[in-house]
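Enquirer: turn this into a model:
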Amino acid sequence: MRMNKYEISVIIPVLNEERYLERTLQSITDQNTTIPYEVVVADNGSTDESLRIAGQHADLIVHCEKKGTGACRHCGAEHANGRYLAFIDADTILPDCYLEWMHDRFADTDLVAFAAAFRFSRVEPQSVKLAEKITNRYLIMRDKILEPTLPGFNTCVRKDTYFEIGGFRNVPLEDIDFSRRVSKAGKIRYFREVTVITSPRRLEKMGLLGTLYYYTQLD
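Expert: As a prediction, the model looks like this:
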């Protein structure tokens with residue numbers, strides 16, 4: 001949606017994501033909303049078909065020279081025009097209500113950042129389904145009794161708050177680091193009523209225990 005003024009900027013860091021990117025971008029195009037939004041693809045040096053795919057959907061493609069997921073997310077944010085920022089990953093698919101839901105949540109003026117629940121795009125082998133179940137339960141528990149953790153593949157934040165705390169930093173566990181800092185700026189939440197779909201490739205790379213350990217780093 002190309003307009004002069006945006007409420008929401010959807011920011012996607014990309015590095016050789018031709019396998020996933022088309023479906024992710026299509027899920028944004030298919031949003032059931034009248035809210036003005038833009039799609040910002042922050043490319044980290046792709047050499048595959050990612051830029052061609054991005055060019056078919058994105059309102060803006062920015063080239064980020066500094067390597068790293070945190071740096072790429074922040075580069076996208078620096079070029080974003082929306083009042084609210086939605087960070088998703090190139091392998092994350094949004095339900096068609098996501099942007100409307102996101103905008104409605106920010107009607108709570110105390111809320112500065114939040115995430116939706118997730119499910120994996122496939123649940124085989126059994127360890128994938130187990131990791132999905134345990135991680136969601138853990139994140140829900142944190143939302144109820146501790147500081148919530150906002151997964152980087154699905155984080156919504158007020159733009160002014162984002163820059164007040166310095167945004168994503170280019171550090172290991174950049175989403176855990178961001179969650180810790182943004183929680184000091186105001187109320188943050190992990191909501192269950194909306195679910196995004198993401199690939200289990202982090203699980204495949206880190207293993208079940210490694211993935212669960214990743215999301216317990218605030219403890």
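
Enquirer: list the buried residues in stretch 128-137.
Expert: Neighbour-count burial for stretch 128-137 flags V128, A131, E132, T135, N136 (criterion: 16 or more other CB atoms under 10 Å). In this view, the C-beta of every residue, glycine as well, is placed from N, C-alpha and C.

Enquirer: next, the third one: secondary structure please.
Expert: I take that to be E132. When classified by DSSP: H, G, I helix; E, B strand; the rest coil, E132 comes out as helix.

Enquirer: not counting residues beside it along the chain, what's closest to it?
Expert: Once flanking residues are discounted, E132 sits nearest to F120: 5.0 Å by CB to CB, 6 or more residues apart in numbering.

Enquirer: so what's the residue count around that neighbour?
Expert: Per other CB atoms under 10 Å, the neighbour tally for F120 reads 18.

Enquirer: so it sits against Q126, correct?
Expert: No: at 12.0 Å, F120 does not count as touching Q126 under the criterion of CB atoms under 8 Å.

Enquirer: still on that earlier bit, what is the nearest of the buried residues of stretch 128-137 to D175?
Expert: Within the buried residues of stretch 128-137, proximity to D175 (CB to CB) peaks at T135, which comes in at 12.8 Å.

Enquirer: quick one: the helices in this protein, in order.
Expert: In the chain, the segments counted as helices under DSSP state H are 21-29, 50-55, 69-78, 98-105, 126-145, 159-164, 174-182, 201-214.

Enquirer: would you mind finding the most buried of those?
Expert: When those are scored by mean count of other CB atoms under 10 Å, the highest mean neighbour count falls to helix 69-78 (a mean of 23).

Enquirer: quick one on the thing from earlier: got the helices of the chain as CSV, with distance to V39 columns?
Expert: Output for those, formatted as CSV (distance: least, CB to CB, whole Å):
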stretch, distance to V39
helix 21-29, 6
helix 50-55, 9
helix 69-78, 10
helix 98-105, 11
helix 126-145, 26
helix 159-164, 16
helix 174-182, 20
helix 201-214, 22
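
Enquirer: check what pLDDT the residue lying closest to D89 once chain neighbours are set aside gets.
Expert: In this structure, D89 finds its nearest non-sequential neighbour in F153, 3.8 Å apart by CB to CB, 6+ apart. On pLDDT, F153 comes in at 91.

Enquirer: pLDDT weak spots in the protein?
Expert: Of all residues in the chain, those with pLDDT under 70 make up the ranges 1-4, 123-124, 202-219.

Enquirer: and the longest strand for this protein?
Expert: Criterion DSSP state E: the longest strand present in the chain is strand 187-198.

Enquirer: hey, what's the angle from that strand to helix 174-182? Just curious.
Expert: With axes from the mean of the first three to the mean of the last three CA atoms, to 10 degrees defining the directions, strand 187-198 sits at 160 degrees from helix 174-182.

Enquirer: can you count the residues close to R189?
Expert: Applying other CB under 10 Å, we find 17 residues neighbouring R189.

Enquirer: which residues touch the closest residue to it other than its chain neighbours?
Expert: The shortest distance from R189 to any non-neighbouring residue, by CB to CB, 6+ apart, is to F114 (4.2 Å). Counting by CB atoms under 8 Å, 6 or more residues apart in numbering, F114 makes contact with R105, P148, L150, T155, C156, I188, R189, Y190, F191.

Enquirer: and if you look at V14?
Expert: Applying CB under 8 Å, 6+ apart, the residues contacting V14 are L21, V41, A42, D43, N44, S46, S50, A54, C72, A90.
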